[in-house]
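Colleague: Okay, here's the prediction I keep looking at, along with the sequence it came from:
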Amino acid sequence: MFLAICQLGVEAESHIVDTLARLEVSSPHRRLERWLPEGRKCCFDLHLSVSVPRTVPGKSKEAEIKRINKELANIRSKFKGDKALDGYSKKKYVCKLLFIFLLGHDIDFGHMEAVNLLSSNRYTEKQIGYLFISVLVNSNSELIRLINNAIKNDLASRNPTFMGLALHCIANVGSREMAEAFAGEIPKILVAGDTMDSVKQSAALCLLRLYRTSPDLVPMGDWTSRVVHLLNDQHLGVVTAATSLITTLAQKNPEEFKTSVSLAVSRLSRIVTSASTDLQDYTYYFVPAPWLSVKLLRLLQCYPPPEDPAVRGRLTECLETILNKAQEPPKSKKVQHSNAKNAVLFETISLIIHHDSEPNLLVRACNQLGQFLQHRETNLRYLALESMCTLASSEFSHEAVKTHIETVINALKTERDVSVRQRAVDLLYAMCDRSNAQQIVAEMLSYLETADYSIREEIVLKVAILAEKYAVDYTWYVDTILNLIRIAGDYVSEEVWYRVIQIVINRDDVQGYAAKTVFEALQAPACHENLVKVGGYILGEFGNLIAGDPRSSPLIQFHLLHSKFHLCSVPTRALLLSTYIKFVNLFPEVKTTIQDVLRSDSQLKNADVELQQRAVEYLRLSTVASTDILATVLEEMPPFPERQSSILAKLKKKKGPDTATGLEEAKRERSAAVNGGPEPAPASAAAVSTPSPSADLLGLGAAPPAPAGPPPSSGGLLVDVFSDSPSAVAPLAPGSEDNFARFVCKNNGVLFENQLLQIGLKSEFRQNLGRMFIFYGNKTSTQFLNFTPTLICSDDLQMNILGLVCLTPQHMAIWDLEEGSEEVVLYQTRDAPQLLYGGTFQNVSVKLPITLNKFFQPTEMASQDFFQRWKQLSNPQQEVQNIFKAKHPMDTEITKAKIIGFGSALLEEVDPNPANFVGAGIIHTKTTQIGCLLRLEPNLQAQMYRLTLRTSKETVSQRLCELLSEQF
């Protein structure tokens with residue numbers, strides 16, 4: 001009876017294994033114990049009820065182990081016995097071992113007997129052998145060679161049943177050794193004309209499994225063009241398996257399989273237009289071939305819209321038909337019907353979004369999703385919100401998405417599922433523009449008070465980004481951020497309040513209002529520490545703007561800040577001490593009061609070294625330094641350089657590259673100008689460096705970064721104020737920065753010129769090598785004395801200079817500059833000639849234009865190739881975008897010349913919009929090559945540009961975007 005149960009369990013498992021092998025199983029680690037937990041439980045219960053006597057519940061486990069050990073001993077003795085076992089007995093005992101393993105017990109013998117079963121001509125014996133090997137044999141086993149030989153024999157037998165078993169075993173094991181042995185054989189079986197349909201299915205999925213585990217071992221060859229034609233096969237099971245294989249292969253080798261687009265459209269058209277009776281065997285609850293339809297739609301998402309008008313028109317008809325069928329009344333009330341129907345619909349919408357070229361389809365898709373926003377099914381609401389987030393990034397459908405704002409806001413307030421509420425927040429963020437920014441920010445702030453703790457930080461980041469991005473009146477921005485800190489202070493990261501400080505310092509019109517508002521906010525009995533930080537910084541810089549009001553006199557400001565001092569952490573106290581010394585400069589009347597605080601034992605003898613050192617140094621500075629020195633050391637912070645907000649980078653990092661928000665973040669930025677975004681500040685794509693919590697935010701701890709050389713050490717400014725030593729490198733000569741920018745798109749010309757000296761430059765670059773000649777011209781009537789040109793650069797770049805030759809006193813050649821690193825953006829190279837003129841030394845410092853784009857090689861690409869590569873570089877880290885105001889007249893020919901001079905190939909007739917400019921090229925370094933795609937979209941009416949760059953390396957994208965943005 002025990003044997004009969006074992007056979008029953010294995011036969012049932014074998015049937016399911018055979019079925020699953022014909023379907024796509026995505027997990028690379030497929031094990032039967034994952035597939036059949038219920039089957040195992042059923043067989044286990046039967047086994048106990050029949051083979052084990054009724055025992056006390058506490059002893060059932062011990063009884064099972066005793067029974068199993070007895071059976072294992074019996075099987076071991078049979079295998080070691082003198083009498084040779086026949087095939088049936090081997091199958092019986094191997095089957096028992098397999099079942100015992102499925103119960104969770106280790107099996108350390110019987111492997112050789114299972115391998116012997118593979119040579120049997122009986123189906124059931126061979127089946128049990130393959131099943132045992134698929135589950136128990138390790139890929140590093142010594143028996144792999146014997147197993148491979150048996151599999152080769154079965155594949156060569158042309159017996160479809162045996163071939164199917166062998167292919168299932170290869171797919172289940174999926175080891176690299178098997179890939180090496182069979183990766184070249186399986187494609188031949190797949191495309192052979194005499195292979196049966198069931199074997200073709202198994203071969204396609206087996207090859208897919210091997211490609212996923214060992215892509216480098218699956219050779220591309222003649223079979224690739226033939227496997228595409230399987231999409232026309234009459235057997236839809238073969239088509240389904242082939243579509244899964246082609247989709248995966250096309251993602252890595254799009255050129256090899258681009259002919260599959262027309263065949264996929266043709267097959268999809270036949271499915272969509274067919275009646276349910278035409279595909280009766282493949283109709284699932286009145287939906288014809290839903291799994292194949294979804295796979296075909298995913299395959300089409302690997303490519304841009306078809307260029308052939310006939311194919312494109314047929315695809316559009318298919319998509320419209322699917323959208324029309326979605327509006328029809330359901331043919332069944334079964335949940336399976338709606339699931340299959342909606343699966344095809346959502347994949348269709350994904351394809352429409354991917355193509356982003358048919359305004360009518362995009363709007364229809366948006367309206368269809370809008371109907372799901374109030375559906376009773378939570379999953380449908382979730383998917384609708386997620387898809388609409390992506391639709392909001394399209395210029396064609398953004399306005400249609402905005403019409404659902406009230407529904408989304410209502411979902412944010414009433415939805416029970418936290419994941420759906422999070423998608424609602426994402427959609428509000430995506431649909432936000434200048435017209436609705438204040439409404440959306442207000443709703444997010446309102447929801448923030450009751451939001452789940454897991455998503456509060458993300459909401460804070462999004463509110464901060466939207467408030468800055470769409471702030472026309474920056475008083476609203478200040479109010480919003482202070483309110484944000486009040487509501488969710490614990491979730492306001494340093495990037496948020498750093499950014500507030502940067503914006504307030506850079507905008508004179510909001511400084512007084514910010515000082516007044518933060519002063520009023522600090523009067524609350526309980527203030528969050530982040531508000532104290534913002535208040536301390538702003539009042540230390542601009543407290544004088546509100547000091548005329550008796551209610552906010554200098555002494556009141558000081559006492560208000562100092563009342564929070566004992567409640568704050570060490571970094572905040574350090575910032576407040578810096579604010580106090582700023583007050584000494586701004587308000588001499590409170591100097592004595594502040595000195596008393598600094599002189600107190602709680603400061604001078606503080607246990608924290610940082611606070612003690614600040615108190616000692618600030619007290620000494622306020623006592624010894626004159627008024628002029630104080631004014632110099634404690635002068636108002638200069639404006640920060642305009643750069644991309646670090647909050648956006650933090651949000652992208654938090655969301656991750658695999659989420660919908662993370663993948664579409666960059667795309668949403670494109671619609672800012674089109675949808676009423678504010679005029680953006682010129683942005684550098686480089687990430688903003690954020691100081692540590694203990695950093696001196698008032699600027700007393702570090703000097704502004706010099707254009708070259710290592711950053712100064714913390715605290716260096718206080719020393720430099722009293723030092724007479726000159727700087728090591730003179731500042732850049734006036735006008736040289738402008739000339740440097742012009743050399744980004746050219747190699748020859750006058751780099752610098754004044755009344756004394758002219759510096760000319762001639763350079764050439766080829767792949768990762770460059771050669772530069774520098775010429776010096778004397779513009780005076782007298783001779784230069786002690787003329788000394790010097791090349792100053794970083795140690796890393798110095799190692800990559802192959803030769804430096806002074807040909808004449810007026811001529812120097814940097815011979816063969818070899819770019820051996822991808823980080824050329826970090827090098828600050830200057831040529832600083834020193835000369836004696838009029839009895840004094842003249843030191844002229846000029847930056848040499850060695851920029852990353854100099855190592856560009858232009859690359860010609862067809863439209864399809866360009867957009868395919870563009871799609872592949874879709875991770876947020878690979879794309880950098882900048883929207884900026886035109887600095888020069890927007891002339892088409894000049895723009896073309898600049899793009900070509902920048903180094904990339906100018907691709908004609910690639911972009912659907914003829915007014916846009918598209919380029920492609922490869923950055924060559926000593927060790928690697930980095931592909932680069934660029935797209936420049938001019939807006940003549942708004943006199944603005946939108947520049948998008950995509951490369952495989954984030955720092956390269958950032959630097960190229962910075963360089964090219966300055967040219968227009």
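Modeller: Yep, it's here.
Colleague: Only C-alpha atoms from now on, for both contacts and neighbour counts.
Modeller: Will do.
Colleague: Kindly export the helix or strand where residue 387 lies (C-alpha atoms) in PDB.
Modeller: Here residue 387, judged by DSSP states H and E, is contained in helix 378-391. Extracted in PDB, the C-alpha atoms of helix 378-391 (Å, rounded to 0.1, in the frame of the first residue of the first chain):
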ATOM      1  CA  THR A 378      -8.500  47.100  -4.900                       C
ATOM      2  CA  ASN A 379      -6.000  45.600  -7.400                       C
ATOM      3  CA  LEU A 380      -7.600  47.400 -10.300                       C
ATOM      4  CA  ARG A 381      -7.500  50.700  -8.500                       C
ATOM      5  CA  TYR A 382      -3.800  50.100  -7.700                       C
ATOM      6  CA  LEU A 383      -3.000  49.200 -11.300                       C
ATOM      7  CA  ALA A 384      -5.000  52.200 -12.600                       C
ATOM      8  CA  LEU A 385      -3.100  54.600 -10.400                       C
ATOM      9  CA  GLU A 386       0.200  53.100 -11.300                       C
ATOM     10  CA  SER A 387      -0.400  53.300 -15.000                       C
ATOM     11  CA  MET A 388      -1.700  56.800 -14.800                       C
ATOM     12  CA  CYS A 389       1.500  57.800 -13.100                       C
ATOM     13  CA  THR A 390       3.300  56.900 -16.300                       C
ATOM     14  CA  LEU A 391       0.700  58.500 -18.600                       C
END
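Colleague: where does the stretch 301-450 of the chain dip in pLDDT?
Modeller: Across the stretch 301-450 of the chain, nothing is flagged by pLDDT under 70.
Colleague: mind listing what residue 605 touches?
Modeller: Going by C-alpha atoms under 8 Å, 6 or more residues apart in numbering, residue 605 touches residue 612.
Colleague: can you pull out the strands in the stretch 751-900 of the chain?
Modeller: Taking DSSP state E, counting those that start in this stretch to define them, one finds strands in the stretch 751-900 of the chain at 757-766, 769-778, 785-788, 791-792, 801-808, 811-818, 830-831, 834-837, 840-843, 846-847, 856-858, 879-885.
Colleague: what does stretch 252-269 contact?
Modeller: 224-225, 228-229, 231-232, 246, 249-250, 293, 296, 299-300, 302-303, 306, 311, 314-315, 318, 865, 868.
Colleague: at 6 Å instead, please
Modeller: Identification of contacts with stretch 252-269 by C-alpha atoms under 6 Å, 6 or more residues apart in numbering yields 228, 250, 296, 315, 318.
Colleague: With stretch 742-749 instead?
Modeller: Against stretch 742-749 from outside (C-alpha under 6 Å, 6+ apart): 760-763, 898, 901-902.
Colleague: So for that stretch, what gets flagged as buried?
Modeller: Neighbour counts over stretch 742-749 (16 or more other C-alpha atoms under 10 Å) mark 742-747 as buried.
Colleague: Output those in JSON lines; the columns should cover pLDDT and secondary structure.
Modeller: Below are the buried residues of stretch 742-749 laid out as JSON lines (pLDDT from 0 to 100; DSSP: H, G, I helix; E, B strand; the rest coil):
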{"residue": "742", "pLDDT": "75", "secondary structure": "helix"}
{"residue": "743", "pLDDT": "79", "secondary structure": "helix"}
{"residue": "744", "pLDDT": "81", "secondary structure": "helix"}
{"residue": "745", "pLDDT": "81", "secondary structure": "helix"}
{"residue": "746", "pLDDT": "79", "secondary structure": "coil"}
{"residue": "747", "pLDDT": "79", "secondary structure": "coil"}
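Colleague: and which of those is nearest to residue 630?
Modeller: residue 742 (40.4 Å; C-alpha to C-alpha).
Colleague: Now residue 437: closest residue in space that isn't a chain neighbour?
Modeller: Sequence neighbours aside, residue 470 is the residue nearest to residue 437 in space, at 6.4 Å (criterion: C-alpha to C-alpha, 6 or more residues apart in numbering).
Colleague: measure that neighbour to residue 456 for me?
Modeller: Distance, residue 470 to residue 456, using C-alpha to C-alpha, to the nearest Å: 21 Å.
Colleague: Of these two, give the one with the bigger neighbour count.
Modeller: residue 470 (23 against 20; other C-alpha atoms under 10 Å).
Colleague: my guess is the more buried one meets residue 434, correct?
Modeller: Yes: with contact defined as C-alpha atoms under 6 Å, residue 470 reaches residue 434; the gap is 5.4 Å.
Colleague: domain ranges for the protein?
Modeller: Domain segmentation of the chain under the TED database yields 28-136, 141-217, 220-328+346-352, 472-634, 736-847, 852-966.
Colleague: Can you tell me which of the contacts of stretch 252-269 are buried?
Modeller: Neighbour-count burial (16+ other C-alpha under 10 Å) applied to the contacts of stretch 252-269 gives 228, 250, 296, 315, 318.
Colleague: Out of those residues, flag the one nearest to residue 176.
Modeller: Looking across these and measuring by C-alpha to C-alpha, the closest to residue 176 is residue 250, at 21.7 Å.
Colleague: residues contacting that closest one?
Modeller: Contacts of residue 250 by C-alpha under 6 Å, 6+ apart are residue 257.
Colleague: Next up, identify which helix or strand it is on.
Modeller: Per DSSP H and E: helix 236-252 holds residue 250.
Colleague: Specify the next element, helix or strand, located C-terminal of that helix.
Modeller: Counting by DSSP H and E, the next helix or strand C-terminal to helix 236-252 is helix 260-273.
Colleague: Each with direction, which strands does the helix or strand following that following helix pair with?
Modeller: Following helix 260-273 in sequence order, the next helix or strand is strand 283-284 (DSSP H and E). Sheet neighbours of strand 283-284, with direction, are listed as strand 287-288 (antiparallel) (DSSP bridges).
Colleague: Show me the beta-bridge partners of the nearest residue to residue 933 once chain neighbours are set aside.
Modeller: Of all residues not flanking residue 933 in the chain, residue 920 sits nearest, at 4.6 Å (C-alpha to C-alpha, 6+ apart). Taking DSSP bridges as the rule, residue 920 bridges to residue 905, residue 933.
Colleague: One more: the one 4 residues further on?
Modeller: With DSSP bridges applied, the residues forming beta bridges to residue 924 are residue 929.
Colleague: how about it, what does it touch?
Modeller: So residue 924 contacts 767-768, 855 (C-alpha under 6 Å, 6+ apart).
Colleague: Just give me the closest of these to residue 443.
Modeller: residue 855 (48.8 Å).
Colleague: mind listing what that closest one touches?
Modeller: 767-768, 923-924 are the contacts of residue 855 under C-alpha under 6 Å, 6+ apart.
Colleague: Checking residue 641 next. Helix, strand or coil?
Modeller: Look at residue 641: counting by DSSP: H, G, I helix; E, B strand; the rest coil, its state is coil.
Colleague: Now do it, the pLDDT please.
Modeller: For residue 641, the pLDDT comes out at 79.
Colleague: so where is the stretch 1-150 of the chain shaky, pLDDT-wise?
Modeller: In the stretch 1-150 of the chain (pLDDT under 70), the answer is 1-59, 82.
Colleague: what sits against residue 419?
Modeller: Per C-alpha under 6 Å, 6+ apart, neighbours of residue 419: none.
Colleague: The same query, at a cut-off of 10 Å, please.
Modeller: Counting by C-alpha atoms under 10 Å, 6 or more residues apart in numbering, residue 419 touches 378-379, 382, 425, 455.
Colleague: what's the answer for residue 354, then?
Modeller: 300-305, 348, 390-391, 394, 871.
Colleague: Tell me how many other residues surround the nearest residue to residue 919 once chain neighbours are set aside.
Modeller: In space, not counting the residues next to it along the chain, residue 919 is nearest to residue 906; the distance is 4.6 Å by C-alpha to C-alpha, 6+ apart. Applying other C-alpha under 10 Å, we find 24 residues neighbouring residue 906.
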